[in-house]
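Visitor: test case, fold it:
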Amino acid sequence: MEQGRSRTAPPAAGPFAGVAPQAARGEAVPAAAPAAGRAAVRREGARGEHVHAEQDYPAYGDRRAAPVPVPAPRMPQRHSVRGQVLDALRKALVSGELTPGEVYSGPALGERFGVSATPVREAMQQLALEGAVEVVPNRGFRVTSRTARDLAELAEVRALLEVPVLLRLARTVPAARWDGLRPLAEAACVAAATGDRALYAEADRAFHRALLGLAGNRQLVAVADELHRRAQWPTAHGRPHRAADLVADAAEHHALLAALAAHDVERTEALVRGHFAGAE
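Guide: As a prediction, the model looks like this:
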């Protein structure tokens, strides 16, 4: 059974520190009414009339400037909090912080991120649609355990989708266009050197989105990116990742760009298929 919120206060630090309690619970946060006009609002509102808040104006001849109303700060809306939680959960999945096979409850993760259980459950429902977790009634969500076969199948689907496109681009795109992708390839190398798997995963997908983006098909890019995201989730008993593994994977981006710029179709196909097969 999911347990209720702990009596201890949620942590002050974290990605959602400073978010108003109402916003963290996904509720709308009303702005405070200005001091001037409150009495009029109460008086006219009691008669059921539509009223506007009054504003103080300086008397004639008063050289003091009229007070400038200060707009109330815009608080995070419900969807933005849920989006932040979803991003945080995705990073935790990729890094292995959320263990495959383990069950996590909404309230427990809410306290971990300093928010209520509601946006956590909503984000988890999205991850369930993506296949990253599965719902466990009355308990929470279990992180999906994937096998080596799952990764092999994802690599096969990615190859079926992307290889023909990249081979066509290798024949038609001028070498100068591929040079424009080198900063993204270098950014992936920098991220890989940190050993941060979640950071590298973002840089890796950014490179591949730009690569396929040259085909001019947005639907292709969206579908391929979703498959790529799934391929980045760790397996239940996969070998621990090392910075050297990430660096080697990132170096393949530069090799692929060189093959594409040289219009080397055979080399391009070999690199792409090998890159997908080694992705984990």
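Visitor: flag the shaky bits of the chain, pLDDT-wise.
Guide: 1-79, 236-241, 279-280 (pLDDT under 70).
Visitor: where does A152 sit: helix, strand or coil?
Guide: helix (DSSP: H, G, I helix; E, B strand; the rest coil).
Visitor: and the closest residue to it other than its chain neighbours, how many residues sit next to it?
Guide: Closest residue to A152 apart from its sequence neighbours, by C-beta to C-beta, 6 or more residues apart in numbering: A277 at 7.6 Å. Any C-beta I mention is one placed from the backbone N, CA and C, and that applies to glycine too. For A277, the number of neighbouring residues by other C-beta atoms under 10 Å comes to 14.
Visitor: in a strand, A277, correct?
Guide: No: going by three-state DSSP, the assignment for A277 is helix, not a strand.
Visitor: my read is that it contacts E153, right?
Guide: No: using C-beta atoms under 8 Å, A277 is not in contact with E153, being 11.5 Å away.
Visitor: how close does L212 sit to E111?
Guide: 40 Å (C-beta to C-beta, to the nearest Å).
Visitor: how far away is the closest residue to L161 other than its chain neighbours from L257?
Guide: Once flanking residues are discounted, L161 sits nearest to A224: 5.9 Å by C-beta to C-beta, 6+ apart. Per C-beta to C-beta, A224 is found 17 Å from L257.
Visitor: buried set for the helix or strand where the residue nearest to L161 lies?
Guide: A224 is part of helix 218-231 when elements are defined by DSSP states H and E. For helix 218-231, a neighbour-count test (16 or more other C-beta atoms under 10 Å) marks 221, 223-224, 228-231 as buried.
Visitor: reformat these as a markdown table; add distance to R121.
Guide: Listed next are the buried residues of helix 218-231 as a markdown table, based on distance: C-beta to C-beta, whole Å:
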| residue | distance to R121 |
| --- | --- |
| V221 | 30 |
| V223 | 27 |
| A224 | 29 |
| H228 | 26 |
| R229 | 21 |
| R230 | 21 |
| A231 | 26 |
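Visitor: ok, of those residues, which one's closest to V163?
Guide: A224 (11.1 Å; C-beta to C-beta).
Visitor: residues contacting that closest one?
Guide: Counting by C-beta atoms under 8 Å, 6 or more residues apart in numbering, A224 makes contact with 158, 161-162, 208-209, 212.
Visitor: quick check: the closest residue to R197 other than its chain neighbours vs C189, distance?
Guide: Of all residues not flanking R197 in the chain, S95 sits nearest, at 5.1 Å (C-beta to C-beta, 6+ apart). For S95, the distance to C189 (C-beta to C-beta) stands at 19 Å.
Visitor: cool, and A244?
Guide: In terms of C-beta to C-beta, A244 sits 12 Å off from C189.
Visitor: which one's more surrounded, the two?
Guide: A count of neighbours by other C-beta under 10 Å puts C189 above the other of A244 and C189, at 18 against 11.
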